[in-house]
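# Give me the fold of what follows.
(chains A, B, C and D)
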Protein chains: 2
Amino acid sequence: MADPREPAPSPAASLAEGIAARLRDQVTGGALVPGQRLSEARLAAELDISRNTLREVFRLLTREGILRHEPNRGVFVAVPSMASILDIYRVRRLIEVPALAQAWPGHAAVARMRAAVARATELQRIPDWRGVGSANMEFHAAIVALTDSPRLIQFFTQIIAELRLAFGLLDSPELLHRPYIPRNAEILARLEAGDPAGAARLLEDYLNQSERAVLEAFARLG
Amino acid sequence: MADPREPAPSPAASLAEGIAARLRDQVTGGALVPGQRLSEARLAAELDISRNTLREVFRLLTREGILRHEPNRGVFVAVPSMASILDIYRVRRLIEVPALAQAWPGHAAVARMRAAVARATELQRIPDWRGVGSANMEFHAAIVALTDSPRLIQFFTQIIAELRLAFGLLDSPELLHRPYIPRNAEILARLEAGDPAGAARLLEDYLNQSERAVLEAFARLG
DNA sequence: ATGATTATATTGTTGAACAAAGCATGATAA
DNA sequence: TTATCATGCTTTGTTCAACAATATAATCAT
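Below you'll find the predicted structure:
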């Protein structure tokens, strides 16, 4: 029997990847503050792994963009900047819009989109806004999955992780996530109605508005 | 004085990154055959580094897509497949064409494009077709640099590394690289003439034809 | 020859050790 | 007092040796 305290949602092929997943959640969940330094010795002891293994974890998360590595100084939780948010939304527009425009409404990923909308709607009632945010992200990851392009899918996964890091920094999660549930539902409906081009137009609006909201929330932080 | 046999072109912030650069060249240069297994112990001894450091190198190159890691089995030089080539060209179209279309002809990266064309033209006279290939890739990396998007630039760097791996697998490098020197020159001229849209159209043709040529060469291998 | 079982080699992970780089402290000189 | 430099401490970078876990190869029975 597995220890119920550690659900181990992913089989975690290697120990390093398992720890990486845990750390990733801690970062996107806000347990680790952006800019914070992660001491090798301390964290290794805390996680009960060796320094060498932790170093591998660091390499993984650094490549994902949620940690930053400064030679001979250590690793830090990445600090999202206005520039990075602009860049992220630019990449999102570039990838998501064509992905949706070329989509075949019968694609398997459409089911993922549907499930994501349903989950967001549920979590809204609790309410669990951070969860809603995750579900919304899953919706957009599914859009990229419509392309069947392994490289785009992997790249977008990183982008999403970075964006979640930025979200974690901001307050007012309700304002950031709630308005987009019906929008995602609309996009999905339009796609299922056999109008990918129309869905893509809606998506573009979505991204523009979301970007503006995020930047405003970011500006409020000073 | 540095050992002239090891030019160490990049300062190599860390030892691992330096070794990674060397290994990367060996792979894209064809010294290491796709599918070949890289033994940790043997390679570590050969490169005169520890197994742990070599492991870090492996992680770096695996993330770049030129090595493949199978748990508990080892790492192998990635084997380009027809599917991966299709995917790579799809990504190239998605990123490069809009990048060029939105370009400002006075951007600093235009100089890089110019330099790449010049270098390819020179190397053509030697002739050094592998070098011509590298220069052509540099041309397209410069196109992506027109976007000023750090994420796109980094992503595209990986894509290029993978494509070079595929090129290394194929024979007839002249056929694969020579026809594209004048095409790149044309694209550059059109951009400098203040017609980014026209340049983008040329680029799209370029990518379609290049993809076809690569796939044909790949099919000839069986 | 085929399938199961035992060796053997390789990877996964650890802990300790030392070198090298950065950081803090305090002494010295202007 | 302030600035500069020397010193020591802390942390990262890298190596080494060892053992556990897993896959590959070899052996043996049928």
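# Not counting its neighbours along the chain, what's nearest the residue nearest the centre of chain A?
What sits nearest the mean C-alpha location of chain A, by CA atoms, centre = their mean, is residue A:160, with 3.1 Å. Closest residue in space to residue A:160, ignoring its immediate chain neighbours: residue A:137 at 5.1 Å, by CB to CB, 6 or more residues apart in numbering or on different chains. Bear in mind the C-beta positions are built from the backbone N, C-alpha and C, glycine included.
# Can you point out the buried residues in the helix or strand hosting that neighbour?
Assigned by DSSP states H and E, residue A:137 belongs to helix A:129-145. Neighbour counts over helix A:129-145 (16 or more other CB atoms under 10 Å in any protein chain shown) mark A:129-145 as buried.
# between the helix or strand that contains residue A:199 and helix A:129-145, how many degrees?
Using DSSP H and E, residue A:199 falls within helix A:196-221. Here the directions of helix A:196-221 and helix A:129-145 differ by 140 degrees (axes from the mean of the first three to the mean of the last three CA atoms, to 10 degrees).
# helices or strands up against helix A:196-221?
helix A:82-101, helix A:150-169, helix A:173-177, helix A:180-192 (3 or more CB pairs under 8 Å, 6 or more residues apart in numbering or on different chains; DSSP states H and E).
# hmm, 6 Å instead?
Secondary-structure packing of helix A:196-221 (3 or more CB pairs under 6 Å, 6 or more residues apart in numbering or on different chains; DSSP states H and E): helix A:82-101, helix A:180-192.
# how about whichever helix or strand comes after the longest one as CSV, C-alpha atoms only?
On the C-terminal side of helix A:82-101, the closest following helix or strand by DSSP H and E is helix A:109-125. Extracted in CSV, the C-alpha atoms of helix A:109-125 (Å, rounded to 0.1, in the frame of the first residue of the first chain):
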residue,chain,number,x,y,z
ALA,A,109,-8.0,17.0,-27.2
VAL,A,110,-11.5,18.5,-27.5
ALA,A,111,-12.5,16.1,-24.7
ARG,A,112,-9.8,17.5,-22.6
MET,A,113,-11.0,21.0,-23.3
ARG,A,114,-14.5,20.0,-22.3
ALA,A,115,-13.3,18.4,-19.1
ALA,A,116,-11.3,21.5,-18.2
VAL,A,117,-14.3,23.7,-18.6
ALA,A,118,-16.4,21.4,-16.4
ARG,A,119,-13.7,21.3,-13.7
ALA,A,120,-13.4,25.0,-13.7
THR,A,121,-17.1,25.4,-13.4
GLU,A,122,-17.2,23.0,-10.4
LEU,A,123,-14.3,24.6,-8.6
GLN,A,124,-16.0,28.0,-9.0
ARG,A,125,-18.7,26.8,-6.6
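# average model confidence for the helix holding residue A:137?
Per-region confidence: helix A:129-145 scores 95 on mean pLDDT.
# Name the residues that touch that helix?
Helix A:129-145 has contacts (CB atoms under 6 Å, 6 or more residues apart in numbering or on different chains) with A:96, A:99-100, A:109, A:112-113, A:116, A:119-120, A:123-124, A:152-153, A:156, A:160, A:167, A:173-174, A:177, A:180, A:184.
# and what of stretch A:40-52?
Outside stretch A:40-52, the residues that reach it (CB under 6 Å, 6+ apart) are A:19, A:54, B:52.
# Out of those residues, which are close to DNA strand C?
residue B:52 (CB under 7 Å from any atom of the strand).
# between the contacts of stretch A:40-52, which has the most around it?
residue A:54 (24 neighbours; other CB atoms under 10 Å in any protein chain shown).
# Please read off the pLDDT at that residue from the model.
For residue A:54, the model assigns a pLDDT of 94.
# for it, what are its contacts?
Applying CB under 6 Å, 6+ apart to residue A:54 gives the contacts residue A:44.
# Could you see whether DNA strand D lies near the host helix or strand of it?
For residue A:54, the element it lies in under DSSP H and E is helix A:51-64. Yes - remark: helix A:51-64 sits within contact range of DNA strand D at A:51-52, A:55, by CB under 7 Å from any atom of the strand.
# Save those as CSV, and put in distance to residue B:205 too.
Shown next, in CSV, are the residues of helix A:51-64 next to DNA strand D (distance: CB to CB, whole Å):
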residue, distance to residue B:205
A:51, 53
A:52, 50
A:55, 46
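# which of those lies closest to chain B?
Taking CB to the nearest CB as the measure, chain B lies nearest residue A:52 of the residues of helix A:51-64 next to DNA strand D, at 5.6 Å.
# what about chain A, any weak spots by pLDDT?
A:1-12, A:222 (pLDDT under 70).
# Pop the domain breakdown of it in here.
Listed by automatic domain parsing, the domain ranges of chain A are A:15-77, A:82-221.
# In a markdown table: the ones you listed, plus distance to residue B:89.
Listed next are these as a markdown table, based on distance: least, CB to CB, whole Å:
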| stretch | distance to residue B:89 |
| --- | --- |
| domain A:15-77 | 24 |
| domain A:82-221 | 11 |
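# Nearest to residue B:195, out of these?
Of all the domains of chain A, it is domain A:82-221 that lies closest to residue B:195, at 21.6 Å by CB to CB.
# So what's the gap between that closest one and the chain middle?
9 Å (CA atoms, centre = their mean, to the nearest Å).
# Next one: residue A:216 from residue A:182, what distance?
Distance of residue A:216 to residue A:182, given as CB to CB, to the nearest Å: 20 Å.
# got it, and residue A:30?
26 Å.
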